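Trainee: Quick one: sequence plus predicted model below, questions after.
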Number of protein chains: 2
Amino acid sequence: MIVCEMRDADCYGIINKQFVGRLASCAKDQPYVVPVQYVASGGLLYSFSLPGRKIDNMRQNPNVCLQVDELQDHRHWKSVIIEGRYRELSEVDDCQRAWEILQHQITWWEPGALKPKSSNAIVESRSHLFYTISIDRMSGRQTAEE
Amino acid sequence: MIVCEMRDADCYGIINKQFVGRLASCAKDQPYVVPVQYVASGGLLYSFSLPGRKIDNMRQNPNVCLQVDELQDHRHWKSVIIEGRYRELSEVDDCQRAWEILQHQITWWEPGALKPKSSNAIVESRSHLFYTISIDRMSGRQTAEE
């Protein structure tokens, strides 16, 4: 078994196929990593979250890293790393669009729970928020037979 | 389905059972997260690595975060987060002990490939290195039925 660099097309293949990644943020020199659901669309990664430490971190420091993988077994795996920037969606139209993108693929929670109730509800209640991550740098590694 | 906080004992249960986690480091405000293999022993997490960006980051900023999970399906998952500090093992005795701990459970690479060949080889060749992560703070979340 050897470990090879992945081509960009193969990295995108993994990102588009998967919908769970591990998102690392960092504030005050303390990294923090949690699983997140995302959907890749139009060169961006869309996601949503309740307020909390992850969001606090990304508001302080928008640089993030998302790791997405397929770990079949210890000799067959692929792992992709994306570095990008967090952007919180505040405009109602942007939130609606994010919800439309997310609702088709997100199954972790019931998508209905995410649906913006009214134009003001999203911004006012802050019960959950939508954000994007840009794909500024990407790399991947995978196993191969020798 | 609801999401609950996990007790410390349950967090340790996951950490001891699993051997792959996602390790986040951060240098110059840019987080970085990669899958790593580890073994929990004596209140520390042991791991090894070839030199590279992850190690460079942790030498610059020893604060790290390791996320370990069991994702059965979207309604049955557990996720544990550990914050701690990186310590690179340089003493030959420490490296030998790390290797002994790791060789019993690590299957990703052949354990023999890790074996220190001689006292000097470990420090001189730097082909791979051993490190520990302290468990300074730990928390976990899991799904439960309503």
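Mentor: Right, received. Where do you want to start?
Trainee: only C-alpha atoms for contact and neighbour calcs from this point on.
Mentor: OK.
Trainee: With adjacent residues omitted, what lies nearest to A:Ile101?
Mentor: A:Val39 (7.2 Å; Cα to Cα, 6 or more residues apart in numbering or on different chains).
Trainee: same question but for A:Val68, I mixed them up
Mentor: Residue nearest to A:Val68 in three dimensions, not counting chain neighbours: A:Gly21, with 4.6 Å by Cα to Cα, 6+ apart.
Trainee: likewise A:Gly140?
Mentor: Here the residue nearest A:Gly140, using Cα to Cα, 6+ apart, is A:Val80, at 4.1 Å.
Trainee: neighbours around that neighbour, how many?
Mentor: 25 (other Cα atoms under 10 Å in any protein chain shown).
Trainee: Next: A:Arg75.
Mentor: When neighbours are counted by other Cα under 10 Å, A:Arg75 registers 17.
Trainee: Show me what the longest helix along chain A is packed against.
Mentor: The residue-count maximum for a helix in chain A (DSSP state H) belongs to helix A:92-103. Applying 3 or more Cα pairs under 8 Å, 6 or more residues apart in numbering or on different chains; DSSP states H and E, we find helix A:92-103 packed against strand A:39-41, strand A:44-49, helix A:119-125, strand A:129-134.
Trainee: re the thing from before, so who does the residue nearest to A:Ile101 touch?
Mentor: Neighbouring residues of A:Val39 by Cα atoms under 8 Å, 6 or more residues apart in numbering or on different chains: A:16, A:19, A:45-47, A:101-102, A:105-106.
Trainee: Return the set of residues that bridge with it.
Mentor: A:Val39 has these beta-bridge partners by DSSP bridges: A:Tyr46.
Trainee: if I look at it, how far off is B:Asp73?
Mentor: Noted for A:Val39: a distance of 17 Å to B:Asp73, by Cα to Cα, to the nearest Å.
Trainee: for A:Ile55, same thing?
Mentor: The gap separating A:Ile55 from B:Asp73 is 25 Å, by Cα to Cα.
Trainee: Settle it for me: which of those two has more neighbours?
Mentor: For A:Ile55 versus B:Asp73, the count of surrounding residues by other Cα under 10 Å is larger for A:Ile55: 19 against 9.
Trainee: need the next SSE after the helix or strand hosting A:Cys4, C-terminal direction.
Mentor: A:Cys4 is located in strand A:2-5, with elements delineated by DSSP states H and E. Counting by DSSP H and E, the element after strand A:2-5 in chain order, helix or strand, is helix A:8-17.
Trainee: who's in contact with that next one?
Mentor: Under Cα under 8 Å, 6+ apart, the answer for helix A:8-17 is A:39-40, A:68-70, A:80, A:138-140.
Trainee: got the contact list for A:Gly84?
Mentor: A:63-65, A:133-137.
Trainee: and if you look at A:Glu146?
Mentor: Residues counted as contacts of A:Glu146 (Cα under 8 Å, 6+ apart) are A:1-2.
Trainee: The nearest residue to A:Asp136 once chain neighbours are set aside: what secondary structure?
Mentor: Nearest non-adjacent residue to A:Asp136, counting by Cα to Cα, 6+ apart: A:Gly84, 4.8 Å away. Here A:Gly84 is strand, with the state taken from DSSP: H, G, I helix; E, B strand; the rest coil.
Trainee: distance of A:Gly84 from A:Gln96?
Mentor: Distance of A:Gly84 to A:Gln96, computed by Cα to Cα: 22 Å.
Trainee: so how far is chain B from the residue sitting nearest the centre point of chain A?
Mentor: Chain A has A:Tyr38 as the residue nearest its centroid, 4.2 Å off, counting by Cα atoms, centre = their mean. As judged by Cα to the nearest Cα, to the nearest Å, A:Tyr38 and chain B stand 13 Å apart.
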